[in-house]
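J.: Here is a sequence with its predicted model. Questions after.
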Amino acid sequence: MNLLLLSNSAAPGRGYLEHATEVIADHLAGVDELVFVPYALADHDAYTAKVAAALKPLGVSVRGVHEDGDPARTVAGAQAVFTGGGNSFRLLKALHEHGLIGAVRERAVAGMPYMGSSAGTNMACPTLRTTNDMPIVQPPSFTALGLVPFQINPHYLDPDPSTSHMGETREERLAQFLEENDVPVLGLREGTWLRRTGDALRLGGIAAGARLLRRGAKPREYAPGADLGELLALPAHFDTPAAG
């Protein structure tokens, strides 16, 4: 597989996708047109136009998956797919409704470049269950694309010792997930990304790296450049949906 999974699409002081321009250009080398999946936001046309403007300097044109009325057919003919961020529940609901779980997964497994940011990165996991989002809609299933055999938590935040907030920290919430699910979770901090090429998986980014949480083990820190290929050897947790 050929995956680029960004924690976020914008960094402070930089334009949309600008912090990852170099790795995106490498990921999309040889791609003339990219199919964008805008379903995480309500205004699909405006979101697609935003992505088109960001990728135009790279020589990549952008077509929205929603534009011709047959999203699965559009994905079947795509050179590459980018799934943008927004609300993960709304995005996953749309992927199921439009038959894109199977369509995107089939193309990605066959080697088509897949790129995700935030919610789009959540979609690459076996399930939705480590998203940060509010469930504004109800998907028919939490089953996602299963392009990696572990969970990801984009926008991972470390505890702030100076805050007066009394709710759970991100690590506490993920620890609760691990009480119910024996699947590792990789917390991607802002400005970081994962790059999968075949059986190789490497952490990249401009920031402080990632934190891996496992059931019954102390969290482990990884800096950009770390080899995370061992995570690809985990048993697959993807269950093919009965429909879609």
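T.: Ah, there it is.
J.: Go ahead and flag the most central residue of this structure.
T.: residue 121 (0.5 Å; C-alpha atoms, centre = their mean).
J.: State the next helix or strand along the chain beyond the helix or strand harbouring that residue.
T.: Taking DSSP states H and E as the definition, residue 121 sits inside helix 119-122. Once helix 119-122 ends, the next helix or strand along the chain (criterion: DSSP H and E) is strand 151-153.
J.: Neighbouring strands - and their directions - for that next one?
T.: If you go by DSSP bridges, strand 151-153 pairs up with strand 185-188 (parallel).
J.: Next secondary structure after the partner strand?
T.: Using DSSP H and E, the next helix or strand after strand 185-188 towards the C-terminus is strand 192-197.
J.: Return the set of buried residues in stretch 54-67.
T.: Across stretch 54-67, burial judged by 16 or more other C-beta atoms under 10 Å covers 54, 55, 60, 62, 64, 65, 66. Where C-beta positions appear, they are placed from N, C-alpha and C, glycine not excepted.
J.: Just give me how far it sits from the chain centre.
T.: Remark: stretch 54-67 is offset 18 Å from the chain centroid, using C-alpha atoms, centre = their mean, to the nearest Å.
J.: Just give the nearest non-adjacent residue to residue 91, would you?
T.: Take residue 91 and drop its neighbours on the chain: the residue closest to it by C-beta to C-beta, 6 or more residues apart in numbering is residue 40, 3.9 Å away.
J.: helices and strands around the lowest-mean-pLDDT helix or strand in the chain, which ones?
T.: Least confident helix or strand of the chain, by mean pLDDT, DSSP states H and E, is helix 170-180 with a mean of 94. Secondary-structure packing of helix 170-180 (3 or more C-beta pairs under 8 Å, 6 or more residues apart in numbering; DSSP states H and E): strand 151-153, strand 185-188, strand 210-213.
J.: ok, back up a step: measure the residue nearest to the centre of the chain to residue 217 for me?
T.: Applying C-beta to C-beta, to the nearest Å, the value for residue 121 to residue 217 is 23 Å.
J.: which stretches of the chain have low pLDDT?
T.: 159-160, 163-167, 236-244 (pLDDT under 70).
J.: so where do the strands sit in it?
T.: Assigned by DSSP state E, the chain shows strands spanning 2-6, 33-37, 61-64, 81-83, 114-117, 151-153, 185-188, 192-197, 200-205, 210-213, 220-222.
J.: Please produce JSON lines containing these, extended by distance to residue 177.
T.: Listed next are these as JSON lines, based on distance: least, C-beta to C-beta, whole Å:
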{"stretch": "strand 2-6", "distance to residue 177": "19"}
{"stretch": "strand 33-37", "distance to residue 177": "25"}
{"stretch": "strand 61-64", "distance to residue 177": "33"}
{"stretch": "strand 81-83", "distance to residue 177": "22"}
{"stretch": "strand 114-117", "distance to residue 177": "20"}
{"stretch": "strand 151-153", "distance to residue 177": "8"}
{"stretch": "strand 185-188", "distance to residue 177": "6"}
{"stretch": "strand 192-197", "distance to residue 177": "19"}
{"stretch": "strand 200-205", "distance to residue 177": "21"}
{"stretch": "strand 210-213", "distance to residue 177": "8"}
{"stretch": "strand 220-222", "distance to residue 177": "17"}
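J.: Can you check which of those gets nearest to residue 129?
T.: strand 151-153 (6.9 Å; C-beta to C-beta).
J.: Not counting sequence-adjacent ones, nearest residue to residue 201?
T.: Among residues not flanking residue 201 along the chain, residue 228 sits closest, at 4.5 Å (C-beta to C-beta, 6+ apart).
J.: That neighbour and residue 82: what is the separation?
T.: Distance of residue 228 to residue 82, computed by C-beta to C-beta: 22 Å.
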